[in-house]
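Asks: Pasted the sequence and its predicted model underneath.
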Amino acid sequence: MDAVMICGAGHSGSTLLGLLLDSHSRCFYMGEGGKVRYLGDERKALRKRACKICGDRCEVWSRFQWNEANALYPQVADHVGASVIVDSTKNVAWLRERIDEAQRAGVTLHLLMLLRDGRAVMNSRFRKYPERDAETQIRAWMTQIEATRSLFDTFTGNKSLIRYEQLATQPENVMTQLCRSLGLRFEPAMICFDQFAHHPLGGNNGTQYLATRARDGRPGGTTVSVGERSRGYYQRHPAGIQLDLRWQQELDEEHRALFDRVAGDFNEPIAWEG
């Protein structure tokens, strides 16, 4: 079996990439696989201990229990009947642990590093966590990228670098190349990720809203809720994939100046001006 690990920083499009892969006939997207540790633990919030779309009654996760004495990904593969398991946990320590155990178990690993313009990432974080210190959040993003790059550079298996902006503007081209790298045949239907059932642990509410909106039978919308600050954006969002450049209108001058001072040079290689 194969395992695909999506690494990088949060708010960079990993939920979108995971759902696209999940829409391939051979793949199953766990979401943030690290949350298997919390399955059924009622001390945790529902969003941390259950499928984000189905809740506690999920047909997949309500029946799964990880035997931590053995590698995780083969157990998930056996449970769901898929040959490719996708995990978008960003924590580098978690990734290193899973890489070590998967290699011992003979799993073929693929590491995908997903990058997004840091201004877009920070705008998303400022929107979600307005009470947190802005400079601390910027520096935390930089630290996460540096740690992930170190992991990516030293990883000796199959690996790919993906830009969120290219994925969002050229999804068929990017996914065709990625499928080839993963040894999969590209399936055009996978681009229409909102036409498939998904069972993610954790992940971005907005993207999950789009994934379930077309399939939800309830009048008025999806089972996945989005926050007040983003509700209008996602309710107006057309079907399919659209590049999110809200940072260009939403990021105020004070935050732009702060970002440029702290992370401008760091961000320059991945800045997107399209």
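Replies: On my side now, so go ahead. Numbering: from 1, shown residues only.
Asks: isn't Leu46 right next to Asp56, touching?
Replies: Yes - between Leu46 and Asp56 a contact is recorded at 7.1 Å, counting by CB atoms under 8 Å. Quick note: C-beta positions are derived from backbone N, CA and C, even for glycine.
Asks: how about the strands in the stretch 151-274 of the chain?
Replies: Taking DSSP state E, counting those that start in this stretch as the test, the strands found in the stretch 151-274 of the chain are 158-163.
Asks: where exactly do the helices run in it?
Replies: Secondary structure of the stretch 151-274 of the chain (DSSP state H, counting those that start in this stretch): helices located at 164-169, 171-182, 205-213, 228-236, 247-250, 253-267.
Asks: what's the answer for the stretch 1-150 of the chain, then?
Replies: Assignment of helices within the stretch 1-150 of the chain using DSSP H, counting those that start in this stretch yields the ranges 14-22, 46-49, 72-80, 92-104, 118-128, 134-154.
Asks: is it possible to export these to JSON lines including distance to Val224 and mean pLDDT?
Replies: Supplementary listing: these in JSON lines, determined by distance: least, CB to CB, whole Å; pLDDT from 0 to 100:
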{"stretch": "helix 14-22", "distance to Val224": "11", "mean pLDDT": "98"}
{"stretch": "helix 46-49", "distance to Val224": "10", "mean pLDDT": "88"}
{"stretch": "helix 72-80", "distance to Val224": "21", "mean pLDDT": "98"}
{"stretch": "helix 92-104", "distance to Val224": "24", "mean pLDDT": "97"}
{"stretch": "helix 118-128", "distance to Val224": "15", "mean pLDDT": "96"}
{"stretch": "helix 134-154", "distance to Val224": "25", "mean pLDDT": "98"}
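Asks: between those helices, which gets nearest to Arg236?
Replies: For the helices of the stretch 1-150 of the chain, the distance to Arg236 is smallest for helix 118-128, at 16.3 Å, taking CB to CB.
Asks: how distant is that closest one from the center of its chain?
Replies: Counting by CA atoms, centre = their mean, to the nearest Å, helix 118-128 is centred 15 Å from the centre of its parent chain.
Asks: counting contacts, what elements does the helix or strand bottoming out on mean pLDDT in the chain pack onto?
Replies: Every helix and strand in the chain was compared by mean pLDDT, DSSP states H and E; the lowest is helix 228-236, with a mean of 84. Using 3 or more CB pairs under 8 Å, 6 or more residues apart in numbering; DSSP states H and E, the elements in contact with helix 228-236 are helix 118-128, helix 205-213.
Asks: 7 Å instead?
Replies: Here helix 228-236 touches helix 205-213, going by 3 or more CB pairs under 7 Å, 6 or more residues apart in numbering; DSSP states H and E.
Asks: could you check the angle helix 14-22 makes with the helix it packs on?
Replies: Counting by axes from the mean of the first three to the mean of the last three CA atoms, to 10 degrees, helix 205-213 points 30 degrees away from the direction of helix 14-22.
Asks: tell me the mean pLDDT for helix 205-213?
Replies: Averaging pLDDT along helix 205-213 gives 90.
Asks: With that, I have no additional questions.
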